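Participant: just coords:
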């Protein structure tokens, strides 16, 4: 079992990198941290590791009191489902979806960035009504299909590479 002092180091590192959550994963050999960033879904990330045969041991919310979480037998602080729903951002002004990280626009859903609702709300909060922004829910199977087609770490994990 990983020492709380080790987990505290992982939390510090994740915070410095801008993560929102740290999931502690056990691969039947050792525990290791997985950083979940604000534009990612902690549930989707954990599902990827579960499908690889790993066990999710804990989930730390970096916005909550760390010492209180570290004092728990198992910290399981998943995001609020309402705010962690996956969405794409539609721009009516451009008749297109926002790309990943808000870098440009794309007509097809397949190229759209997928965000948690909380992150999308934060990113679009400064957009005026002339932008005609809509947060459109995304089906998880659509997200999996999108990642399967990408040559990314997540795509490789989902393909079992």
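Facilitator: Great, that's in hand. Quick caveat: nothing in here was measured; it's all calculated off a predicted structure.
Participant: What residues sit buried inside stretch 6-16?
Facilitator: Neighbour counts over stretch 6-16 (16 or more other Cβ atoms under 10 Å) mark 7, 10-11, 14 as buried. C-betas here are computed from N, CA, C, even on glycine.
Participant: In terms of residue numbering, what are the domains of this protein?
Facilitator: Per automatic domain parsing, the domain ranges recorded for the chain read 4-79, 82-148.
Participant: Switch these over to JSON lines; also include mean pLDDT.
Facilitator: Formatted as JSON lines, the domains of the chain follow (pLDDT from 0 to 100):
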{"stretch": "domain 4-79", "mean pLDDT": "92"}
{"stretch": "domain 82-148", "mean pLDDT": "82"}
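Participant: Dead centre of the protein: give me the residue that sits there.
Facilitator: In the chain, the residue lying closest to the centroid (Cα atoms, centre = their mean) is residue 40, at 1.9 Å.
Participant: Excluding residues flanking it in the chain, which one is nearest it?
Facilitator: Leaving aside its sequence neighbours, residue 40 sits nearest to residue 116 (Cβ to Cβ, 6 or more residues apart in numbering; 7.0 Å).
Participant: ok, that neighbour to residue 56 distance?
Facilitator: Separation of residue 116 from residue 56 (Cβ to Cβ, to the nearest Å): 18 Å.
Participant: returning to that earlier point: go ahead and list the helix or strand containing the residue nearest to the centre of the chain.
Facilitator: Using DSSP states H and E, residue 40 sits in no helix or strand.
Participant: Same question for residue 87.
Facilitator: Residue 87 is part of strand 86-91 when elements are defined by DSSP H and E.
Participant: Bridged to residue 32, which residues?
Facilitator: Note on residue 32: beta-bridge partners by DSSP bridges are residue 25.
Participant: neighbours of it, just the number please.
Facilitator: The local packing of residue 32 (other Cβ atoms under 10 Å) involves 15 other residues.
Participant: just checking, it touches residue 25?
Facilitator: Yes: counting by Cβ atoms under 8 Å, residue 25 is a contact partner of residue 32 at 5.8 Å.
Participant: OK, contacts around residue 10?
Facilitator: 22, 24, 33 (Cβ atoms under 8 Å, 6 or more residues apart in numbering).
Participant: Just name the closest of those residues to residue 75, please.
Facilitator: Nearest to residue 75, judged by Cβ to Cβ, of those is residue 24 at 8.2 Å.
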